[in-house]
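K.L.:
Need coordinates for the following:
(one chain, ligands or ions: 2)
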Amino acid sequence: MPPWAEAARVLRGVERWLLPAECLLCERPVGPAESDPLVCPLCQSRWHPIPDPVCPHCGQPLEGDLPCRICATWPAALTGVQSAVWLTGTARAAVHHLKYRGWWRVAEGMAPAMRRLAPLRGGVVLVPVPLGAARRRERGYNQSEMLAAALSRLLDIPMRPDLLRRARETERQTSLAPDARRANLSGAFVGRPAGPRRPVLVDDVFTTGATLLAAAEALLAAGATEVRAVTFARALRPLDDLVTIAS
Ligand SMILES: [Zn+2]
Ligand SMILES: [Zn+2]
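P.N.:
Ligands and ions are numbered 1, 2, ... in the order given. Modelled structure (predicted):
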C-alpha cells in the first residue's frame, strides 16, 4: 500500500470516529460492514441510470428517430461520451456534497455507478477535467480528479491529471446558454503534447457538453486521435432548462 493510501486509510478511521456512522445524504445509520460508509446502499440504489439507447457521440438518450440536438457540431473525434445517472435526487445531493461542501471522499461512492460505462473498457488513460487555479484553491481539490482517482483505484486503470490544464479562468457556466457556454470555454484548456492517443475525460456532470468539447479540442490539438469521456451524472433536459434560463 503506497504511503498516501495508508494515510487515507488512517484518516478515514479518524473521520469515522469523529462523525456518527450515518449516510451523508439521507442520515440513515450505516454499519461498519457496508463498503462505503459515506453514501448508503439505499441512496445509491435510488440513482436513475441513463436509459438506452443513447446517442453514440454524446450519450444523450435518443428520442425516437429525431437527430441528436446536443452534438451536431462536435468534431467526430470526440465520441463515446457516457454518463452513469440522471442529476436528480440523491445523485444531485452527492454532486453537491462533492463540489460545494468539501466532501471529496463522496467520489468513492459515486465511482462504482460509473464502472460499467463503455468508454472505460480496454487499455484507457483517465484525464480529469481540470479546474482553474483560483477555483481549485477555493475548493481545495478538483472534484473531477477525485472521481477519476476513485475510478482509477476501482478499475486499476491509470489516471493522468498532468495531461490537461486550464489556460485561463472562465465564468461560471450555470447561467449561460449553450452558445455562450461554448464561447466562454473556447481556448480555456491546454493539452500536454505526446499524451495518449485515446484518452478518456472524466467530469462530474454533463450539462450541454461544452466543457468536454473544449477539453477534448485541447487534447486533440495536443496529438490525441480520439477522445472519449465519462461523467457521473447528466442534467435532465439541459437544453430546455437553458432556454428557460436564457429567455
Ligand atoms: Zn443514504
Ligand atoms: Zn449526441
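
K.L.:
ok, A210 to ligand 1 distance?
P.N.:
Counting by Cβ to the ion, to the nearest Å, the gap between A210 and ligand 1 amounts to 32 Å. Bear in mind the C-beta positions are built from the backbone N, C-alpha and C, glycine included.

K.L.:
same thing with L220?
P.N.:
L220 is 40 Å from ligand 1, by Cβ to the ion.

K.L.:
Can you show me the strands along the protein?
P.N.:
Counting by DSSP state E, the chain has these strands, from start to end: 78-86, 125-128, 164-166, 189-191, 199-206, 227-234.

K.L.:
would you list those strands in a markdown table and tack on distance to E217 and mean pLDDT?
P.N.:
Rendered in a markdown table, the data for the strands of the chain read as follows (distance: least, Cβ to Cβ, whole Å; pLDDT from 0 to 100):
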| stretch | distance to E217 | mean pLDDT |
| --- | --- | --- |
| strand 78-86 | 8 | 96 |
| strand 125-128 | 13 | 98 |
| strand 164-166 | 11 | 94 |
| strand 189-191 | 8 | 94 |
| strand 199-206 | 11 | 97 |
| strand 227-234 | 9 | 98 |
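
K.L.:
Output those in TSV, with mean neighbour count and distance to L213 appended to each entry.
P.N.:
Listed next are these as TSV, based on neighbours: other Cβ atoms under 10 Å; distance: least, Cβ to Cβ, whole Å:
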stretch	mean neighbour count	distance to L213
strand 78-86	23	6
strand 125-128	25	14
strand 164-166	20	13
strand 189-191	20	10
strand 199-206	25	10
strand 227-234	27	10
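
K.L.:
Just tell me which of the ones you listed ends up closest to K99.
P.N.:
Taking Cβ to Cβ as the measure, these were each checked against K99, and strand 199-206 came out nearest at 6.5 Å.

K.L.:
ok and the closest one relative to strand 227-234, angle-wise?
P.N.:
Comparing the axes of strand 199-206 and strand 227-234 via axes from the mean of the first three to the mean of the last three Cα atoms, to 10 degrees yields an angle of 20 degrees.

K.L.:
can you tell me if strand 199-206 touches ligand 2.
P.N.:
No. In this structure, strand 199-206 remains apart from ligand 2 according to Cβ under 5 Å from the ion; the gap is never smaller than 10.8 Å.

K.L.:
Ligand 1 contacts on the protein?
P.N.:
Along the chain, the residues adjacent to ligand 1 under the rule Cβ under 5 Å from the ion are 23, 25-26, 28, 40, 43.

K.L.:
Quick one: buried ones out of those residues?
P.N.:
23, 25, 40, 43 (16 or more other Cβ atoms under 10 Å).

K.L.:
Could you list which of the residues you listed belong to helices?
P.N.:
Of these, the ones assigned to helices by DSSP state H are C43.

K.L.:
In CSV, list the buried ones among the residues of the chain next to ligand 1 along with pLDDT.
P.N.:
Putting those into CSV (pLDDT from 0 to 100) gives the following:
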residue, pLDDT
C23, 88
L25, 89
C40, 88
C43, 91
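
K.L.:
quick one: the nearest residue to E145 once chain neighbours are set aside from V200, how far?
P.N.:
Taking Cβ to Cβ, 6 or more residues apart in numbering, and ignoring the residues beside it in sequence, E145 has P128 as its nearest neighbour in space, at 4.1 Å. When distance is defined by Cβ to Cβ, to the nearest Å, P128 is 10 Å away from V200.
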